[in-house]
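>>> Here is a sequence together with a model predicted from it:
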Amino acid sequence: MGVLPFRGRSLEERNDLARLLQSAKDGNPHARNELIARYIPFILRIASQTAKRYIDPRADDEYSVSLAAFNEAIDRYQDERAASFLTFAETVIRRRLVDFFRAQRQHRAHLRLWSEFDQLDEEDHVSNWVEVASSLSEHQRQEEAEMRAYEIEEYARRLAEYGLSFSELVELSPKHEDARRNALMCARAIAFDPELLAYVHRRKALPLRQVEERVRVSRKTLERQRKYILAMVLLLSGDFPILKSFLVRAEGD
């Protein structure tokens, strides 16, 4: 998935960024995920410039810190002029990295104190439960960031198989909460029914007649929300635990 140019963006591209940003702030998990995925090259560029070295997204903690900072920038951004969002995001990323570097220096300064927690086993091997716990926590945080990026990429690929895209879903997402809940109810009815789900996988389409018989939603509504419901079916029936958690929080389930 490509990234929009950082400077000299067209009016259409600026409007697209504005729509994604506003939709993400309004609680749309798909818009947030697309915004993050689309600007990963931007995030890596800022991280590398701040760290003054190449940042490997598969190995460096700075990448996870920067991803979290970009996500924070989405939540904190208030100015309605979306063209300046990237400037704001860059500032947040740099500040969080500086905080991270400062914490790392303090961590190294206190490493010698951790030896107080060293323990010897029966074979005189040294173990340190404090260091192990800290390492596991950091590893878990990094793994979560990597899994989130992987899920976004995989879900985008899955959508493409059905002729859908993230940007299209932003436009098609129901604006009213009741409409979104009804669409999600329909998606769940399909995703958790092996027969209906098999129909979706086979036809790359929704079994509208069967769904209409099982849920209290009109055929006209089903047809109007067809693409959105299909995207929700793919999410609910797929192996996307992190993206599903975003959906649950957004819908208040």
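It's in.
>>> use CA for all of it now, contacts and neighbours both
Fine.
>>> helix or strand right after whichever strand or helix holds Tyr150?
Element membership of Tyr150 [criterion: DSSP states H and E] is helix 129-161. Scanning forward in sequence from helix 129-161 by DSSP H and E, the next helix or strand is helix 166-172.
>>> in that following helix, what's buried?
Buried residues in helix 166-172, counted by 16 or more other C-alpha atoms under 10 Å: 166, 169-170.
>>> Please apply the same query to stretch 84-101.
Buried positions in stretch 84-101, judged by neighbour count with 16+ other C-alpha under 10 Å: 85-86, 88-94, 96-97, 100.
>>> again with stretch 14-31
14, 17-25, 27-31.
>>> what ranges of the chain fall below the confidence cut-off?
Across the chain, the ranges flagged by pLDDT under 70 are 1-10, 79-83, 105-144, 146, 248-253.
>>> now do 50
1-8, 81-83, 111-136, 139, 253 (pLDDT under 50).
>>> can you give me the strands in it?
For the chain, the strands defined by DSSP state E occupy 118-120, 126-128.
>>> Could you chop this structure up by domain?
11-114+137-161, 174-251 (automatic domain parsing).
>>> can you give me the end-to-end distance of the first one?
Pointing back at domain 11-114+137-161 there. Taking C-alpha to C-alpha, to the nearest Å, the first and last residues of domain 11-114+137-161 lie 29 Å apart.
>>> chain center to that domain: distance?
Relative to its chain's centre, domain 11-114+137-161 lies at 10 Å (C-alpha atoms, centre = their mean, to the nearest Å).
>>> Contact partners for Ala189?
Listed by C-alpha atoms under 8 Å, 6 or more residues apart in numbering, the contact set of Ala189 reads 211, 214-215.
>>> And the residue nearest in space to the middle of the chain, how far from Val200?
Central residue of the chain (C-alpha atoms, centre = their mean): Asn33, 3.8 Å from the mean position. Separation of Asn33 from Val200 (C-alpha to C-alpha): 24 Å.
>>> from the buried residues of helix 166-172, which is closest to Arg226?
Arg226 lies nearest to Leu169 out of the buried residues of helix 166-172, by C-alpha to C-alpha, at 10.9 Å.
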